[in-house]
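> Could you work out the structure for the sequence below:
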Amino acid sequence: MQETTGLPYASTVPDKMHACGHDLHTATLIGIGAVLNQLSSKLVGSVRLVFQPAEETIDSGAAAMIADGVLDGVDMAFGFHNEPGLPAGRIAYIRGASFASADSFQITVEGRSVHAAQPHEAVDPIVAAGYLLTQLQTIVSRELNPIRSAVVTVGRIEGGDAYNIIPNRCTMAGTVRTRSPETRDAIEAAMKRICAGIS
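Residues are numbered from 1 along each chain as shown. I've put the predicted structure just below:
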């Protein structure tokens with residue numbers, strides 16, 4: 001996405017910009033720090049403000065920060081995330097996990113390309129990818145306990161360059177969101193099993 005704000009700190013990289021809610025998170029936590037500092041004479045103990053990088057990646061910033069000692073000596077932790085569905089001025093809280101882990105995946109279906117007039121000579125990766133897509137959607141609906149929330153989303157499918165050629169490959173990519181390591185492992189195992197079966 002091209003940044004067109006004209007601000008002095010705008011991205012200088014073509015078609016790349018930082019356009020997410022983490023700017024709000026940073027401003028909010030700094031604001032909380034300012035308020036707590038004003039109330040410091042009425043508080044007992046100490047407060048540590050932590051900004052976590054890379055929370056949606058496999059190389060989670062939290063794991064590295066914990067290894068570096070960010071939680072050493074901490075008795076209690078509160079995490080927060082913006083929630084656009086709440087009216088301005090309202091907050092909500094929950095004990096335990098409130099947001100899901102985020103894993104991404106990419107699957108490439110290899111086939112054999114031929115002219116569309118000779119489909120019997122092809123191994124059609126688009127048809128296979130379509131079947132794979134429908135099977136991936138059954139993981140949550142038919143393999144997981146409905147109480148265990150999870151999401152498997154395919155957000156991108158790409159295959160072929162011409163309307164009359166069956167391509168060599170079709171690629172799909174998406175995300176898996178879960179709230180427990182057990183559910184995360186079960187979905188990964190199911191995805192691998194389904195891919196192997198279709199292949």
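> what are the ranges of the strands in this protein?
101-110, 114-115, 150-159, 165-166, 169-178 (DSSP state E).
> Distance of the residue lying farthest from the centre of the chain relative to Gly31?
Here the chain reaches farthest from its C-alpha mean at Ser41, the gap being 40.7 Å by Cα atoms, centre = their mean. Distance from Ser41 to Gly31, counting by Cβ to Cβ, to the nearest Å: 19 Å. Every residue, glycine included, has its C-beta placed from N, CA and C.
> one step back: same list (the strands of the chain) but as TSV, adding mean pLDDT.
Output for the strands of the chain, formatted as TSV (pLDDT from 0 to 100):
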stretch	mean pLDDT
strand 101-110	93
strand 114-115	96
strand 150-159	96
strand 165-166	97
strand 169-178	96
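> now what about the worst-scoring helix or strand of the chain on mean pLDDT, what contacts it?
The weakest-scoring helix or strand in the chain, judged by mean pLDDT, DSSP states H and E, is helix 61-67 (a mean of 85). With contact meaning Cβ atoms under 8 Å, 6 or more residues apart in numbering, helix 61-67 is reached by 50, 52-55, 71.
> what's the farthest-apart pair in these?
Greatest spacing in the contacts of helix 61-67, by Cβ to Cβ: Ala54 and Leu71 (16.9 Å).
> where in the protein is pLDDT low?
21, 56-59 (pLDDT under 70).
> ok, 80 please
When residues are selected by pLDDT under 80, those of the chain lie in 18-23, 53-61, 82, 84, 96-99.
> Would you map the helices across it?
For the chain, the helices defined by DSSP state H cover 22-38, 61-67, 125-138, 181-198.
> So which residues make contact with the first one?
Put plainly, it is helix 22-38. For helix 22-38, contacts defined as Cβ under 8 Å, 6+ apart pick out 43, 47, 49, 51, 80-82.
> Closest one of those residues to Arg112?
Closest to Arg112, out of all of the contacts of helix 22-38 and judged by Cβ to Cβ, is His81, at 46.1 Å.
> Could you find the closest non-adjacent residue to that closest one?
Phe99 (5.9 Å; Cβ to Cβ, 6 or more residues apart in numbering).
> gap between the residue sitting nearest the centre point of the chain and Arg179?
Nearest residue to the geometric centre of the chain (Cα atoms, centre = their mean): Ala102, 3.6 Å. Separation of Ala102 from Arg179 (Cβ to Cβ) stands at 11 Å.
> got it, and Arg142?
Applying Cβ to Cβ, the value for Arg142 to Arg179 is 19 Å.
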